[in-house]
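Asks: got a predicted structure plus its sequence, pasted below:
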Amino acid sequence: MSLLNVLHIGASATVAQSQRLNAIASNIANADSTTSANGEAYRALQVVFRPKPDLGGVGSGVEVAAVVPSTVPLKLMYRPGHPNADANGYVQGSNVDPVEEMVNMVAASRAYQMNVDLMNNSRQLLQRVIDMVRT
């Protein structure tokens, strides 16, 4: 595997983690929402990764396969005066768990940073190889 392949892998991973961070930000922003654009309670978004197709037997990174709504059941809150309450006074709330989202955010930001470090180190190694060839 060449250092250029490492750069491509790191770049694809930073793009994927960036999309994951965007989904997490959306989840946190809508944690207290009782309705979304479709009129139902907001469902947390989950990013699904998959490996990119291999190029000649060499791994070529990761990509986002899909952004899917979470299957965790929506929260039911007793709020009889709420405009979205049902006949029994319950409102469906978002299924976002703010603590879980914060943990996911830390993990995604660290993964992003590690991939940036990987690309920086690879770039430095390439530069050293170029410098050695010149001398």
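Replies: Structure received.

Asks: where does pLDDT dip in the protein?
Replies: 1, 55-59 (pLDDT under 70).

Asks: so where's the longest helix in it?
Replies: helix 98-134 (DSSP state H).

Asks: for stretch 77-97, the distance to its chain's centre please.
Replies: Centroid separation between stretch 77-97 and its chain, computed with Cα atoms, centre = their mean, to the nearest Å, is 28 Å.

Asks: scratch that, stretch 88-101
Replies: Worked out by Cα atoms, centre = their mean, stretch 88-101 lies 20 Å from the chain centre.

Asks: about what we covered before: report the buried residues of the longest helix of the chain.
Replies: Neighbour-count burial for helix 98-134, counted by 16 or more other Cβ atoms under 10 Å, picks out 101, 104-105, 108, 111-112, 115, 118-119, 122. To be clear about C-beta, it is placed using only N, CA and C from the backbone, and glycine gets the same treatment.

Asks: cool, stretch 80-95 as well?
Replies: 85, 90-95.

Asks: I would like the residues contacting stretch 36-43, please.
Replies: For stretch 36-43, contacts defined as Cβ atoms under 8 Å, 6 or more residues apart in numbering pick out 30, 33-35, 69-70, 74-75, 92-96.

Asks: secondary structure element for the residue nearest the centre of the chain, which one?
Replies: Most central in the chain under Cα atoms, centre = their mean is Arg20, positioned 1.1 Å from the mean C-alpha point. Using DSSP states H and E, Arg20 sits in helix 3-29.

Asks: quick revisit: pretty sure the residue nearest to the centre of the chain contacts Val47?
Replies: Yes. In terms of Cβ atoms under 8 Å, Arg20 counts as a neighbour of Val47; the distance is 4.4 Å.
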